[in-house]
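> kindly return the folded structure for what I paste below:
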Amino acid sequence: MARIASFLNQYAIAGTRSSYRGGVYAFLTSLYGFARKGKRITDDEKLKFETYAERYFLETHDHSQDLIQFANFCSKKYAPTTGNYYHTAVKEFFIFNDVELSRKQERNLKNKIKRGNPISKEETLDREMIRKLLNNCDLKVKTLILFIISSGVRISEVLDLDLSDVKISKDNSHGVVTIRESKNNHPRITFINREAVEVLNQWIDQREEYLKYIIKKSKGRFRVKTPSKDSRLFPVTKNSAEKNIKTALKKADLFEVDRDTGRATIHYHLFRKFFVTQLSYSGIPDKYIEFFVGHLDVLDRTYNKPSIEKLLEVYLKGEPYLRIYDEGFEEIAKNQEEIKATQEKVRDMQLEHLMQKSKMDDMMKEHEKMQQQIAQLTRAAKIAEELPD
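This is a model prediction of the structure:
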């Protein structure tokens, strides 16, 4: 098997394979100038990159210097996070091909690698903006957006979900989402709210017709021949999903590109950020928010992990803050704050009552003690009177 394909096959998660493939391709582009023409690579282009990979390891190279040049190439072409990820991918590709850098070379890399360009400009999403976008989306993209907003999942994670990974409650108030393949290879549970459930049910009803249309349109190039063979909740590639949201952003007059990085200022990751921000406003402890979005934290490392019931209880406390169409969410949130404030006042009153009761108990004990002392003194005086002179 070819070098790049063999390297990628050792990774079980599709997102990791895709990102590492992009890093290796970018590295070979920086060296040999060959680049794929579109976002979707052709079989001929894959073969070309495999040829360049073979050529690279047959030639004599200063691998450390190549990495420095590649890092500088990435700093001009990609956002810092992407550049760093690609750099890591190439180092792993080197190790796979028995090329390991010495400690001295590693230190030299850290000293000479230039920092990336500024991070891409991003919009700050509000509900009015999100509603405007949703009104210009097809059902598939609308469902994807509301799914991410209400669950905090990554776009790659939601596209990896099977139909069986989402269990909708009988009253359609929420859905339990099981993430089996995640960025950090760490399965977890999260939830979607009623708004997302409503559009998800509509999407599931239309999903089979969508698949039939795509299969017919692809003329045999789609991954399956019949809808029943594809169990994905969203039978869509990441590239297609990104094209779809770009179309919707343009229709909503919300499409803008950062001139420095060439990246759209609104993208799927912003809906995940919206989830984190809104739940933080709700007062939910950070450890639960981190768990829902798939960041390793104390909940992942403890032996006594919270049950689904406990996680749902916590999620529902913050759920009103995730609603997009419910104009009364602020009132609900306000009422929750008022209830919380009232509960705190009641607790303070209870504490005050307990303190006062404790003081009264102490006073009663002191009073009884004094009564006993008075009785003793009275008896002593009476005995003294009865004694003969």
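
> rest of the way, CA atoms for contacts and neighbours
Noted.

> so what's the closest residue in space to Gly175 that isn't next to it in sequence up against?
Excluding its sequence neighbours, the residue lying closest to Gly175 (C-alpha to C-alpha, 6 or more residues apart in numbering) is Ile168, at 4.1 Å. Contact analysis of Ile168 by C-alpha atoms under 8 Å, 6 or more residues apart in numbering lists His174, Gly175, Val176, Val197.

> narrow those residues to those in helices?
Val197 (DSSP state H).

> one step back: distance-wise, check the residue nearest to Gly175 relative to Glu50.
Ile168 sits 45 Å away from Glu50, going by C-alpha to C-alpha, to the nearest Å.

> now do Ser358
Taking C-alpha to C-alpha, one finds Ser358 at 81 Å from Glu50.

> these two - which one has more neighbours?
Glu50 (18 against 12; other C-alpha atoms under 10 Å).

> isn't that one up against Ala2?
Yes. At 6.4 Å, Glu50 counts as touching Ala2 under the criterion of C-alpha atoms under 8 Å.

> buried residues in the helix or strand harbouring Leu28, which are they?
According to DSSP states H and E, Leu28 maps onto helix 14-32. For helix 14-32, the neighbour count (16 or more other C-alpha atoms under 10 Å) marks 14-17, 19-30 as buried.

> please name the spatially closest residue to Ile284 (chain neighbours excluded).
Nearest non-adjacent residue to Ile284, counting by C-alpha to C-alpha, 6+ apart: Gly318, 6.6 Å away.

> how about the CA coordinates for the helix or strand containing the one you found, as CSV?
Using DSSP H and E, Gly318 maps to helix 308-318. Presented in CSV, the C-alpha positions along helix 308-318 are these (Å, rounded to 0.1, in the frame of the first residue of the first chain):
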residue,chain,number,x,y,z
ILE,A,308,-27.5,10.1,32.1
GLU,A,309,-30.3,11.2,34.4
LYS,A,310,-28.0,13.5,36.3
LEU,A,311,-26.5,14.9,33.1
LEU,A,312,-30.0,15.6,31.7
GLU,A,313,-31.0,17.3,34.9
VAL,A,314,-28.1,19.6,34.6
TYR,A,315,-28.6,20.2,30.9
LEU,A,316,-32.3,21.1,31.4
LYS,A,317,-31.4,23.8,33.8
GLY,A,318,-29.4,25.6,31.1
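
> what residues of it count as buried?
Leu311, Leu312, Tyr315, Leu316, Gly318.

> which residues are contacting stretch 269-279?
The contact list for stretch 269-279 (C-alpha under 8 Å, 6+ apart) reads 125, 145, 148-155, 289, 293, 318-319, 321-322.

> try 10 Å this time
Here stretch 269-279 makes contact (C-alpha atoms under 10 Å, 6 or more residues apart in numbering) with 122-127, 130, 144-155, 280, 284-286, 288-290, 292-293, 315, 317-323.

> before we move on, what about stretch 243-254?
By C-alpha under 10 Å, 6+ apart, stretch 243-254 touches 123, 129-138, 140-142, 144-145, 237-238, 240-242, 255-256, 264-268.

> among those residues, which lie within helices?
Among the contacts of stretch 243-254, the members found in helices (DSSP H) are 129-134, 140-142, 144-145, 238, 240-242, 268.

> most neighbours, which of these?
The most crowded member of those, judged by other C-alpha under 10 Å, is Ile145 (24 neighbours).

> and that residue, what does it touch?
Contact partners of Ile145, counting by C-alpha under 10 Å, 6+ apart, are 130, 133-134, 137, 139, 155, 196, 245, 267-272.

> could you pick out the buried ones from those?
Buried subset of these (neighbour count, 16+ other C-alpha under 10 Å): 130, 133-134, 137, 139, 155, 196, 245, 267-268, 270-272.

> widest-spaced pair of the contacts of Ile168?
Farthest-apart pair in the contacts of Ile168 is Val176 and Val197; separation 10.2 Å (C-alpha to C-alpha).

> between the two, what contacts are shared?
Common neighbours of Val176 and Val197 (C-alpha under 10 Å, 6+ apart) are Val166, Ile168, Ser169, Phe191.

> let's see the pLDDT reported for the third one.
Reading off the confidence values, Ser169 has pLDDT 96.

> so it touches Val197, yeah?
Yes. Between Ser169 and Val197 a contact is recorded at 9.2 Å, counting by C-alpha atoms under 10 Å.

> more crowded one of these two?
Val197 (23 against 12).

> separation between that one and Leu31?
Per C-alpha to C-alpha, Val197 is found 48 Å from Leu31.

> go on, Ser64?
Ser64 is 13 Å from Leu31, by C-alpha to C-alpha.

> which residues do the two both contact?
What both Ser64 and Leu31 touch, as defined by C-alpha under 10 Å, 6+ apart, is the set Phe70.

> if I pick Asn135, what's in contact with it?
Shown in contact with Asn135 (C-alpha under 10 Å, 6+ apart): Lys142, Ala248, Lys251, Ala252.

> next one: Ser169
Counting by C-alpha under 10 Å, 6+ apart, Ser169 touches Gly175, Val176, Arg194, Val197.

> if we use 7 Å, what do you get?
Gly175 (C-alpha atoms under 7 Å, 6 or more residues apart in numbering).

> now it: how far from Arg154?
Per C-alpha to C-alpha, Ser169 is found 22 Å from Arg154.

> just Asp258 next, same as before
Here the criterion is C-alpha to C-alpha. By it, Asp258 lies 22 Å from Arg154.

> for Leu312, same thing?
Counting by C-alpha to C-alpha, the separation of Leu312 from Arg154 is 19 Å.
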